[in-house]
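Asks: just the structure for this:
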Amino acid sequence: MYSVFVCDLFHASQPDHEIEVPGFPTREVAIAYARRRLRASIEENRAATPEETREKWRIFGEDCRVVGPEGVVYLASAEAQR
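Replies: Numbers count the residues shown, from 1 in each chain. Here you go, the predicted structure:
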């Protein structure tokens, strides 16, 4: 089983800044969920330019990572930097 950990970047310094969304049966399903959540967070933080959008997302958005039996298998922040 795989879990998606969602990090509230605005509250990253607080102990409860992450939530776990467990129960994904495959790596692919978990990554698809994390990507959708990342894209929604970026859309919520849309700005005038791609650079401003990325900066706003880094401050106010959500980041996701997928964790499975083999460890961390996906980092949404790596995809957001493209």
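Asks: and the gap between A78 and E43?
Replies: 19 Å (C-beta to C-beta, to the nearest Å). (C-beta placed from N, C-alpha, C; glycine too.)
Asks: ignore what I typed, I meant W57.
Replies: W57 is 10 Å from E43, by C-beta to C-beta.
Asks: who's more crowded, these two?
Replies: More crowded of W57 and E43, by other C-beta atoms under 10 Å: W57, with 22 against 11.
Asks: helix, strand, or coil at that one?
Replies: Three-state call for W57 (DSSP: H, G, I helix; E, B strand; the rest coil): helix.
Asks: M1 is in contact with G68, correct?
Replies: Yes. Under the criterion of C-beta atoms under 8 Å, G68 is in contact with M1, at a separation of 7.3 Å.
Asks: out of these two, which sits in the busier spot?
Replies: Shown here are G68 and M1; by other C-beta under 10 Å, G68 has more neighbours (16 against 11).
Asks: and for that one, nearest residue in space, chain neighbours not counted?
Replies: Distances taken as C-beta to C-beta, 6 or more residues apart in numbering place Y2 nearest to G68, at 4.3 Å, with adjacent residues excluded.
Asks: ok, the closest residue to Y33 other than its chain neighbours to E51 distance?
Replies: Leaving out its chain neighbours, the residue that sits closest to Y33 by C-beta to C-beta, 6+ apart is V4, at 5.6 Å. Between V4 and E51 the distance is 27 Å, computed by C-beta to C-beta.
Asks: compare those two (neighbour count), which wins?
Replies: V4 (23 against 9).
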